[in-house]
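Trainee: Here is the input, now give the coordinates:
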Amino acid sequence: MVTNFGDQTPLRILKDWLRKNVDKGAQCPVCEQHAKVYKRKLNAGMVRSLIRMYRVGGLDYVHLPTTIGSRSREEGKLRYWGLVEEELTKRPDGGRAGYWRVTQLGELFLQGGTTVYSHARVYDGRCLSLTGTLIDVKTALGTRFDYDELMGS
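Mentor: Numbering: from 1, shown residues only. Model prediction:
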């Protein structure tokens, strides 16, 4: 027997409920996994790492663990803003190789030629949207860091 629920199938109802509750966090009624959208801020440590990546490799891929170490441990999150991208090559054991590069947008941001939104809305490791205010590189660094000193040689 097939029942016609129209647009309001039981799964659709559950998905709609989860979408309404995922920003504050909720247990999925289907799989029981905790589901939450996290608001990530583009912070000074991330921007310092971006500057270091750019100074070491320009727009070329660099091996983060050996060239800049783990500065903020958030370098990969810069991808939410499109400022870096990961090389998809895998290690022989199947793990990630650790090669990243600054994108053209990242370079433009570092040179003061563009702004980006201050926050990313992230769910399950994916950026859903960028929100907040538009900020430049100096604003992202805050007052603790001297932009000219960081970008100098």
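Trainee: Pull the contacting residues for residue 136.
Mentor: Counting by Cβ atoms under 8 Å, 6 or more residues apart in numbering, residue 136 touches 109, 112, 114, 115. (Glycine included, C-beta is placed from N, CA and C.)
Trainee: wait, the third one sits on residue 106?
Mentor: No - because the distance of 9.7 Å does not satisfy Cβ atoms under 8 Å, residue 114 is recorded as not touching residue 106.
Trainee: more crowded one of these two?
Mentor: More neighbours surround residue 106 than the other of residue 114 and residue 106, with 25 against 14 (other Cβ atoms under 10 Å).
Trainee: Tell me which residues touch that one, please.
Mentor: The contact partners of residue 106, by Cβ under 8 Å, 6+ apart, come to 50, 54, 78, 82, 83, 84.
Trainee: Residue 77 too?
Mentor: Counting by Cβ under 8 Å, 6+ apart, residue 77 touches 40, 46, 120, 122.
Trainee: Just to be sure, the first one is in a strand?
Mentor: Yes - read with DSSP: H, G, I helix; E, B strand; the rest coil, residue 40 is one of the residues of a strand.
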